[in-house]
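Visitor: Can you look at this prediction? I've put the sequence above it.
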Amino acid sequence: MQSEKQNIPRVLEYSLLENGLDFMVSGVREVSGAHDQRRLKYGVLHLGAGIELVLKEKLRRFDWKLLFRYPKRIDQQKYLSGDFVSVGLEECIEKLSKYDLAHLSQRSQDALVSFYNRRNRMQHSNFRESKKKIESAGLEVLSIIFRFTSQHFPPSSLSKEELFLLNSFHAGLKNFRRFIRHQKNASAPQLVQWHAKHERLFNCPNCSRPETMKAAGRVECAFCTYSDTAENAAQLYVANVTVRQECSHIYHDFDDVTGEYYELPSDLKYTPATDISSRLHWCPHCKRKTVAEHVNKDCTLGFICFNCGKVFEACCIKCGAPQDLASLTRELCVSCRHPDKASRTARTIA
Ligand SMILES: [Zn+2]
Ligand SMILES: [Zn+2]
Ligand SMILES: [Zn+2]
C-alpha cells in the first residue's frame, strides 16, 4: 500500500509538449482499440487536445509571446503560471505559416481544423457521425502529427520525459495496423523514387521502420519524414537501432554441428555496451565523425556513414577505424601498418 502511495506525485507537472504527446498517446490507444462509441469519443477528444498542444509547442519554441491571443495582455508571470487566454488552433496554424515555422499543406490544415471542430461539437452539442468516417479522419490527423513531430522535434531536442512520451506515441502507432497501412501507402511514392536511384536504405532511428531512411546527401525517412544532421542521426541510430539489434542477436549463438542458431542460456547473456560515443567513428571517406556501428543480418558488425552514405564492412583491429575490406592488410589499416609514414605525413601537414 505504501509503495502505491509513494508513486503518486504531489505536484502534477507537464510541459506543453509532454502534455500534447500524452494526449496523443491516449488518443491512439482509444482510437486503435475502439470497440464501443465511448472509447472512440475519448479517442477523438484526446487527439483533438493533443493536436492543439503539439502545434503550439512549435510556436512556443520560437517565442512564447505568440501563444497569447491578445498581444496587449502579454505577461511573463501569467505565461509561467499558465493563466492566460491562448490562441486557438486556426490562429496557431496561421502563425506557424506567418513566421515561417512550419509548412502544412492546405489539405493538412483543413484536416486538422475539421478534426478539431469535430472534437468541439462532440463536447458541446448533439453529435452524430459514422464510426468509419471518424476513424479515417483520425488516421489522417495522426499521420500529420506523426510527421510534424518527426520533422520539428527530433529526439536530440527533447527532454527525457518528452522523449519517453514520443517513444510511447510511436509504440502505440506501431501496433495500430490501419495506421501502418495508411502510412505505408503515403510513403510508397518516395520509396519508389529512392529505389529507382539505387539509394541504400537503412532502418529509421526515429520511427524504427525497417529500410525507409536514406543517409546519403541528407538523412531522411520516407515513413515518418524524420530529418536531422548526420551527427545527430548517427547518435540516435546507435542508441535506438544498433543496441536493440544486438539485444536480439547476442542472445543467440551459431551451432557448428546443426548449422542453426540457438538461444543462449540466461547465464551467458550479456548486455551490449550502451556507451554511445565509443560506437561513433570518423569516416575514412568524408572525414566526419558520422559513422555509426550497425549489426548486419548475419550478426557481423558493419559501419554506416550518415553523412556520405558509405557502408564499411570491417574495422582495423588496432585503432578501430572503419574501413573497406580491400584497404585492410592482416586486418590493419594503412596508418597502423606504416605508423612512421603516417606520423611523417602528419608532421609535413603541420
Ligand atoms: Zn522514420
Ligand atoms: Zn562519410
Ligand atoms: Zn588502424
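Guide: That came through fine. Numbers count the residues shown, from 1 in each chain. Ligands and ions are numbered 1, 2, ... in the order given.
Visitor: okay, CA-based contacts and neighbour counts for the rest of this
Guide: Will do.
Visitor: ok, now which ones touch the residue in the stretch 1-150 of the chain that ligand 3 sits nearest to?
Guide: Nearest to ligand 3, among the residues of the stretch 1-150 of the chain, is residue 150, at 37.2 Å (CA to the ion). For residue 150, the contact set (CA atoms under 8 Å, 6 or more residues apart in numbering) comprises 206, 224, 225, 226, 227.
Visitor: now do residue 202
Guide: 210, 211, 212, 213, 214, 215 are the contacts of residue 202 under CA under 8 Å, 6+ apart.
Visitor: So what does it have for phi and psi?
Guide: For residue 202, the backbone dihedrals (degrees, to the nearest 10) come out as phi -120, psi 170.
Visitor: now swap in residue 329 and tell me
Guide: As for residue 329, its main-chain torsions (degrees, to the nearest 10) stand at phi -130, psi 130.
Visitor: same question, the one 3 residues further on
Guide: Backbone geometry at residue 332, expressed as degrees, to the nearest 10, gives phi -110, psi 150.
Visitor: hmm, back to that, let me know the closest of the contacts of residue 202 to ligand 3.
Guide: So of those, ranked by how close each gets to ligand 3 (CA to the ion), first place is residue 215, at 25.0 Å.
Visitor: who's in contact with that closest one?
Guide: Residues near residue 215 by CA under 8 Å, 6+ apart: 200, 201, 202, 230, 305, 306, 307, 308, 309.
Visitor: so how many other residues sit close to the nearest residue to residue 239 once chain neighbours are set aside?
Guide: Spatial nearest neighbour of residue 239, chain neighbours left out: residue 276 (6.5 Å); criterion: CA to CA, 6 or more residues apart in numbering. Look at residue 276: counted by other CA atoms under 10 Å, it has 17 neighbours.
Visitor: just to revisit the earlier point, now do the residue of the stretch 1-150 of the chain closest to ligand 3 against residue 40, distance only.
Guide: Distance of residue 150 to residue 40, given as CA to CA, to the nearest Å: 25 Å.
Visitor: so which of the contacts of residue 215 comes closest to ligand 1?
Guide: residue 202 (9.8 Å).
Visitor: What score does that closest one have for pLDDT?
Guide: Residue 202 carries a pLDDT score of 90 in this model.
Visitor: so the residue of the stretch 1-150 of the chain closest to ligand 3 sits in a strand?
Guide: No: using DSSP: H, G, I helix; E, B strand; the rest coil, the assignment for residue 150 is helix, not a strand.
Visitor: Show me the helices in the stretch 251-350 of the chain, by range?
Guide: Remark: helices assigned in the stretch 251-350 of the chain by DSSP state H, counting those that start in this stretch are 334-337, 339-349.
Visitor: least reliable of the ones you listed going by mean pLDDT?
Guide: With a mean of 53, helix 339-349 has the lowest mean pLDDT of the helices of the stretch 251-350 of the chain.
Visitor: Let me know the helix or strand that residue 147 is in.
Guide: In this assignment (DSSP states H and E), residue 147 forms part of helix 131-152.
Visitor: near ligand 1, anything from that helix?
Guide: No: Helix 131-152 is not in contact with ligand 1 by CA under 5 Å from the ion; minimum separation 7.6 Å.
Visitor: Beyond that helix, next helix or strand please.
Guide: Sequence-wise, the next helix or strand downstream of helix 131-152 (DSSP H and E) is helix 160-174.
Visitor: when you scan that next one, is anything in it near ligand 1?
Guide: No: in terms of CA under 5 Å from the ion, no part of helix 160-174 sits within range of ligand 1; the closest distance is 9.9 Å.
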